[in-house]
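> got a sequence here, can you model it:
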Amino acid sequence: MSSRLGFLFKLVIVVWILGSDYGVAAKHQHQCPNKCGNLSISYPFGIGKHCYRNKWFEITCQNQSTTLQQVPILHAYQLKILNLSSSEVRVAYTWKFSHCYPITPGVESGLEQIIRPIYREEGVANTFTFSQINSKFVTMGCDIYSYITNPNSDNYTTGCLSLCQTEKPSLYPSLYYKSSTCAGVHCCQTAIPVGLKSFRVSIFNVSSAWSFDPFEIGPHYDYARAFLAEHEFSDYYKRYQEIPVRLTWVVGRNSCRQNQRSNGSANGSYACTQNTDCIDYADGHGYRCTCSPGYHGNAYLPNGCQDVDECKIGKARCAQPAVCKNTAGAYYCSCPKGYHGDGTPENGCIADKRQLPLPLIVSIGITVGLISAAILISGLLFSWRLGRQRQLKQTQMSFRRNGGLLLQQQTKIFGIQVLERATDDFDAGRIRGTGGFCSLYKGMLPDGEIVAIRKARIMEESQVAQFINEVVILSQINHRNIVKLLGCCLEAEVPLLVFEFVRNGTLSQVPPPPRRSFGVVLVERLTGEKAVSSTKFEQEKSLVMNFISAVKENRLFQILEGRVSNERGVEICKNCKKMSKTEWEKKTNHERSCN
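Purely as a prediction, here's the structure:
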């Protein structure tokens, strides 16, 4: 029974330790200050109660009396913090040796200074050590011997001797004006042991040749110095009494394996959280935590290490055309369809055999389609433009040939497109009359006016002058019994005349006059047909037109009546065909107008 109670008691203690540390870490994320002056502070360091891992990581933020600026102080050592990193704390400490040059040779009555933490080595172990890699012990002065020891025990001692060769040394250390190392003249240096947590510095004079004269020596070099400092010297040491030094820090006392095995129950909870790696300190005492590869953040906070999306931030190394796929703590390269391989720069993506990549097929199809569409559109535009130019050229030629330059000042000129729209492109349903030489169309102009449009079938070049005279005369006549000429269109191959529309019928409805020309009567007798035949095609409806055409083409006997086509009729026709033609050409303009 007692053993069971003891086990439960130990379990409660472990849970309490783990829970308290987790609570401190969780609080640090939301409630603890994260800045003091220009210094950014992150867990396990912290300002304020319950904001740091343990007492060694406590930082106090003090107001500087002279500048009123906030100064971060490492509370365990009471030293000003210059910088914080994942493995070191860069601090500065001030010496008190000014105007106290040792002048008594051979007497162990030199100067000393002690740097050690305010806490004793008990309970939670000191997590800080002076960096053996980035620090060294330095002595400056003439005929000065200094050494460094452990103030708590004499388990180590190391030091060096700095000499001067001039009669009146000015105490200018060689490193300030010649090199970056101390070679023993005016300055000497030596390494420090591993695991140094505190130290005592002692300075002694080894010669009676020199005496202290503060007025002869410059103000910056009027005292001897011995200090622990960084490897990289600078003019900082000459101008200021504050000496920078680096402290290496760890968490825990044991190694990673020991803490993982005990889960930190022996010496506080195990510091490393999820998605972290444990790293042992070089001397085997203590460890640090870092986020695992593929994660970033604070390894000491719960859920402090978050996944790094290598695909989004551009750190992934995938060969084209592979696609980056992010996973928890890592990523992989995926080859698209039609490829195989791991997509890495070393191996890449290999196209499958006998199959073009889908993106390539799509690209080729789009390219061919665009090129074809461009060629087709260009061809259509070129054809339209060429036809337009031809039409315009033909229109201009017709306008000049039909006397447009003379008639445009005598009457109104209509465009061919206006008349085509007015007659529905000279539709057959718009015809109101047909004669031997022309057809009469009914149309409506854009302003709503109803007009009659006379469209001749043919007109020879020899008739252009006669047409011009006819238009000029008709445009000047204004009589109530004569249809008024509104204008003409000269852009067509055969000119068009636009008349005022007569709403009371056409001339075809008026009985023809009893007298007709002799030539017309003669043609009717020879052919046995009327002057206007409804049995012929459109171009042959006029008997006279048909007769004249037959005479010109020497096929007159094809249209003669059978009774006339004998030998005697042939002789008669030979004598009268000239007369018929002459009689026809003597017809008046009225007889040649549309019915």
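> can you give me the neighbour number for residue 75?
18 (other Cβ atoms under 10 Å). C-beta: built from backbone N, CA, C; applies to glycine.
> begin at 46, not 1, for the rest of this chat.
Okay, residue one is now 46; in that scheme the one you just asked about reads as residue 120.
> I figured it hits residue 105, correct?
Yes: between residue 120 and residue 105 there is a contact at 5.1 Å, judged by Cβ atoms under 8 Å.
> quick one: the helices in the stretch 96-245 of the chain?
219-222 (DSSP state H, counting those that start in this stretch).
> now it, which segments are flagged as low pLDDT?
Along the stretch 96-245 of the chain, segments meeting pLDDT under 70 span 140-157, 165-169, 199, 210-226.
> all strands of it, in order?
104-108, 115-119, 124-129, 133-139, 156-160, 173-175, 180-185, 189-194, 202-207, 232-235, 244-250 (DSSP state E, counting those that start in this stretch).
> nearest to residue 471, of those?
strand 124-129 (97.5 Å; Cβ to Cβ).
> so what strands line up beside the closest one?
strand 115-119 (antiparallel), strand 133-139 (antiparallel) (DSSP bridges).
> just put these in JSON lines and tack on mean neighbour count and distance to residue 492.
Output for the strands paired with strand 124-129, formatted as JSON lines (neighbours: other Cβ atoms under 10 Å; distance: least, Cβ to Cβ, whole Å):
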{"stretch": "strand 115-119", "mean neighbour count": "19", "distance to residue 492": "92"}
{"stretch": "strand 133-139", "mean neighbour count": "18", "distance to residue 492": "97"}
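> nearest to residue 184, of those?
Nearest to residue 184, of the strands paired with strand 124-129 and by Cβ to Cβ, is strand 133-139 at 16.3 Å.
> what's the angle from that closest one to strand 104-108?
40 degrees (axes from the mean of the first three to the mean of the last three Cα atoms, to 10 degrees).
> correct me, but residue 320 touches residue 340?
Yes: proximity of residue 320 to residue 340 meets the contact threshold set by Cβ under 8 Å, at 4.7 Å.
> got the domain ranges for the protein?
124-294, 358-396, 401-446, 447-552, 563-637 (automatic domain parsing).
> alpha carbons only: can I get stretch 289-302 in CSV?
C-alpha atoms of stretch 289-302 as CSV (Å, rounded to 0.1, in the frame of the first residue of the first chain):
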residue,chain,number,x,y,z
PRO,A,289,31.7,42.8,-24.8
VAL,A,290,31.9,39.1,-24.1
ARG,A,291,29.8,36.1,-25.2
LEU,A,292,28.0,33.6,-23.0
THR,A,293,26.9,30.3,-24.4
TRP,A,294,23.6,29.0,-23.1
VAL,A,295,21.9,25.6,-22.9
VAL,A,296,18.7,24.2,-21.4
GLY,A,297,18.9,21.3,-18.9
ARG,A,298,21.9,19.7,-17.3
ASN,A,299,22.2,16.3,-19.0
SER,A,300,22.4,15.2,-22.6
CYS,A,301,19.5,14.8,-24.9
ARG,A,302,19.4,11.0,-24.5
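> now do the buried residues in that stretch.
289-301 (16 or more other Cβ atoms under 10 Å).
> including distance to residue 179, could the strands paired with strand 124-129 go into TSV?
Converted to TSV, these look like this (distance: least, Cβ to Cβ, whole Å):
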stretch	distance to residue 179
strand 115-119	17
strand 133-139	7
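> nearest to residue 316, of those?
It's strand 133-139; of these, that one is closest to residue 316 (Cβ to Cβ) at 16.6 Å.
> can I get the CA coordinates of that closest one in CSV?
Output of strand 133-139 as CSV, limited to C-alpha atoms (Å, rounded to 0.1, in the frame of the first residue of the first chain):
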residue,chain,number,x,y,z
GLU,A,133,24.7,32.8,-27.2
VAL,A,134,24.1,35.9,-25.2
ARG,A,135,26.3,38.9,-26.0
VAL,A,136,26.8,40.9,-22.8
ALA,A,137,29.0,43.8,-21.7
TYR,A,138,30.7,44.5,-18.3
THR,A,139,32.6,47.5,-16.9
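> pLDDT below threshold where in the stretch 296-445 of the chain?
Along the stretch 296-445 of the chain, the parts satisfying pLDDT under 70 run over 307-313, 328-329, 399-402.
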